[in-house]
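> pasting the sequence and the predicted coordinates here, then a few questions.
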Amino acid sequence: MMKKILRLPKAGWQWLTKMRTALVLMVLLALAAVPGALLPQRSLNKDKVAEYISANGKTAEIFDKLQLFDVFSSTWFAAIYVLLFVSLIGCILPRSWDHYKALRTAPPRAPKVLSRLPNHVVGEVAQPEDKVKDSLRTEFKSWTFHETEAKDDRAGAWSLSAEKGYLREFANLVFHLALVGILVTVAAGRLLYYEGQVIVVAGSQNSQFCNSAVSNFDSFRYGPMFDGTGLTPFCVNIKDFNAEYLDNGQAVHFESNIDYADAETAMLPTDQWEHDELRVNHPLRILGDRVYLQGHGYAPTFTITWPNGEKVTETTQFRPDDLTYFLSSGAMRWDPPADMYPDLLDRRQNQISIQGLFAPTAEFTGDNGALLSSSFPAMNDPAVAIDVYRGDTGLDAGRSQSIFSLDSAQLHNGSMQKLDRVNLREGEDVELDDGTKIRFDGAQEFVNLQVSRDPTVLWVLGFALLMLVSLVGSLRIKRRRFWVRLTPTEEGNTRVEIAGLSRTDSAGWGTEFNRKAEKILGLDDEELDEEFDADAMDWDDSYDDGLDEAISWARGEQD
């Protein structure tokens with residue numbers, strides 16, 4: 001009983017390291033990734049996941065418990081990936097060692113009956129055996145060959161075994177080792193990487209971003225071995241954003257002019273920083289980090305004037321809901337001046353907030369032209385449609401809020417009272433019942449930057465190129481074998497029997513065999529063709545019955 005228990009881990013390891021198991025795990029991993037493509041994922045958009053759960057009730061709650069909204073970070077997906085990782089390495093490394101040993105193995109001895117092989121020719125050379133041996137050694141000097149004396153030969157005559165195309169096995173070995181390298185480096189990269197997104201308003205007072213702290217990002221993801229202190233220090237200044245559109249609103253070109261500096265030059269004035277141009281798929285590469293231009297949108301500017309004359313101007317990004325014409329939604333919040341409401345409770349209850357839509361090129365439709373939409377993505381005629389509220393916005397309640405919308409709980413429980421709904425073009429304002437004015441001052445464009453660092457990316461690229469090159473080599477190089485057996489005749493000549501076998505695809509092998517045999521026998525083309533025609537007739541009669549046995553003999557599996 002104990003022996004059976006001890007055999008279980010070994011049997012499990014043998015099952016896991018079978019190529020069949022690896023293929024099953026690959027298919028299972030592909031199937032496991034399907035929910036990640038069909039359902040919203042928290043790592044990409046938490047708001048969409050929340051909307052999906054609220055709209056689908058119990059079913060969505062079950063999905064959430066099954067981690068279907070966090071597929072690629074779920075325990076079951078990680079388990080499949082780890083099992084596949086171990087299975088592939090367990091398959092590849094032993095086979096790579098077998099390939100390595102095969103490279104060092106001499107070609108097998110010649111089969112006893114060479115005439116059974118697909119390529120076979122017999123001839124007589126008017127030279128003594130020793131001279132024929134010397135010519136064979138010269139002919140096969142670029143091949144890996146092995147000589148077998150008559151006493152060790154299966155047919156009792158001196159023979160030579162030659163093989164070429166070992167680079168095929170070497171390329172196969174390199175291919176498998178490169179695959180292991182990719183698996184290891186990808187896994188290491190996911191442990192060490194970090195990736196953050198941040199929105200920066202171009203050309204504004206807040207147009208600079210410094211990669212100095214995790215808190216500077218709007219969202220941040222990282223590997224288990226990143227502790228938050230290994231950020232590469234640098235700063236970028238987003239000077240502008242430019243886009244070109246077709247008449248139908250389709251974008252054809254995005255670019256952003258930026259200045260950047262590393263830790264040593266960041267203290268210099270921005271006009272002395274290095275300059276670069278960010279474009280889609282053309283990131284800024286600095287000190288191992290990559291800064292991508294990932295997206296863009298609009299940040300409306302509002303000025304609020306309180307009854308006491310105090311003014312506050314604020315620019316806040318709105319979320320593009322329509323990625324074609326950039327109709328965007330967002331919200332803004334203001335605290336009243338402290339001298340207007342000395343009591344903290346009164347001050348909270350008199351906070352002003354707005355929520356609504358922004359259109360870069362306004363188009364008003366519906367009854368009385370009250371519905372705002374956008375007709376073009378460029379900022380040709382900006383306008384907003386906003387709801388104005390007074391009351392406690394809930395920012396001091398300790399709950400997190402979206403920057404793009406007001407707290408729905410505060411709206412529903414009566415903490416915030418709706419004062420007005422207005423449409424404003426650039427320069428227009430609305431006056432509230434207490435004399436407070438809110439003016440729409442236009443908008444600026446923002447860019448969405450992604451800062452990424454993966455210290456293993458060059459290793460992954462190197463292993464991928466190595467795998468591709470080795471795969472091409474393993475497919476193009478042909479492994480083939482020659483056997484030559486010499487028998488002296490009574491006249492002092494030498495009977496030469498030649499056979500060949502391609503261990504891979506035989507396309508083109510017949511021509512090479514013919515040319516090699518021609519040199520060995522010293523025949524012209526017509527004589528060699530006659531030899532092969534005769535052999536072909538004999539071979540056709542026994543081809544089906546003898547091929548498997550011939551290949552087995554050629555590989556040295558039978559005597």
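Nice, thanks for sending it over. Numbering: from 1, shown residues only.
> please count neighbours and contacts with C-alpha atoms only from this point.
Noted.
> can you list the residues that contact stretch 305-321?
Here stretch 305-321 makes contact (CA atoms under 8 Å, 6 or more residues apart in numbering) with 201, 297-304, 326-332, 336-337, 340, 358, 404, 434-438, 443-444, 446.
> what segments of the stretch 1-150 of the chain are strands?
Counting by DSSP state E, counting those that start in this stretch, the stretch 1-150 of the chain has strands at residues 119-125, 144-148.
> just the helices in the protein please.
All helices of the chain, identified by DSSP state H, fall at 2-16, 19-32, 34-38, 46-65, 75-103, 129-139, 166-192, 344-349, 408-412, 457-476, 509-521, 525-554.
> which intervals of the stretch 101-250 of the chain have sub-threshold pLDDT?
Along the stretch 101-250 of the chain, the model assigns pLDDT under 70 to no residue.
> kindly apply the preceding question to the stretch 401-550 of the chain instead.
Residue ranges of the stretch 401-550 of the chain with pLDDT under 70: 503-508, 523-550.
> switch to 80 and redo it
Residue ranges of the stretch 401-550 of the chain with pLDDT under 80: 401, 503-511, 522-550.
> and the nearest residue to residue 271 once chain neighbours are set aside, how far from residue 451?
Ranked by CA to CA, 6 or more residues apart in numbering and with sequence neighbours excluded, the top spatial neighbour of residue 271 is residue 259, at 7.9 Å. Separation of residue 259 from residue 451 (CA to CA, to the nearest Å): 15 Å.
> more crowded one of those two?
residue 451 (21 against 18; other CA atoms under 10 Å).
> who's in contact with that one?
For residue 451, the contacting residues are 195-197, 289-292, by CA under 8 Å, 6+ apart.
> 6 Å instead?
Residue 451 makes contacts with 195-196, 290-291, as judged by CA atoms under 6 Å, 6 or more residues apart in numbering.
> out of those residues, who's nearest residue 278?
Of all those, residue 278 sits closest to residue 291, with 8.4 Å by CA to CA.
> can you name the residues bridging to the closest one?
According to DSSP bridges, the partner residues bridging residue 291 are residue 284, residue 451.
> hang on, it packs against residue 281?
No: judged on CA atoms under 6 Å, residue 291 makes no contact with residue 281 at a distance of 10.0 Å.
> between the two, which one's more packed in?
Ranked by neighbour count (other CA under 10 Å), residue 291 and residue 281 place residue 291 first, with 20 against 9.
> ok, the more buried one to residue 259 distance?
On the measure of CA to CA, residue 291 and residue 259 end up 12 Å apart.
> what does residue 425 give?
For residue 425, the distance to residue 259 - CA to CA - is 33 Å.
> same check, this time on residue 374
32 Å.
> kindly report the same for residue 247.
Going from residue 247 to residue 259 by CA to CA gives 32 Å.
> sorry, back to before: just name the closest of the contacts of residue 451 to residue 416, please.
Within the contacts of residue 451, the smallest distance to residue 416 is 34.1 Å, found for residue 196 (CA to CA).
> do I have it right that residue 254 meets residue 240?
No: if you go by CA under 6 Å, residue 254 and residue 240 don't touch, sitting 11.0 Å apart.
> ranges for the strands of the stretch 301-450 of the chain?
Assigned by DSSP E, counting those that start in this stretch, the strands in the stretch 301-450 of the chain fall at 311-315, 319-320, 328-334, 352-359, 362-365, 371-374, 383-391, 416-425, 429-431, 437-453.
> tabulate those strands (a markdown table), appending distance to residue 63.
Formatted as a markdown table, the strands of the stretch 301-450 of the chain follow (distance: least, CA to CA, whole Å):
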| stretch | distance to residue 63 |
| --- | --- |
| strand 311-315 | 39 |
| strand 319-320 | 27 |
| strand 328-334 | 29 |
| strand 352-359 | 32 |
| strand 362-365 | 40 |
| strand 371-374 | 36 |
| strand 383-391 | 36 |
| strand 416-425 | 35 |
| strand 429-431 | 46 |
| strand 437-453 | 30 |
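> looking at those, spot the one closest to residue 164.
With CA to CA as the criterion, residue 164 lies closest to strand 437-453 of those, at 45.3 Å.
> next, the angle from that closest one to strand 383-391.
Angle, strand 437-453 to strand 383-391, by axes from the mean of the first three to the mean of the last three CA atoms, to 10 degrees: 100 degrees.
> let me know the pLDDT of residue 330.
With respect to pLDDT, residue 330 scores 94.
> for residue 305, see how far away it is.
Shown here: residue 330 relative to residue 305, a distance of 20 Å by CA to CA.
> these two: who's more crowded?
Counted by other CA under 10 Å, residue 330 and residue 305 do not tie: residue 330 has more neighbours, with 23 against 18.
> ok, the more buried one to residue 318 distance?
To residue 318, residue 330 is 4 Å away according to CA to CA.
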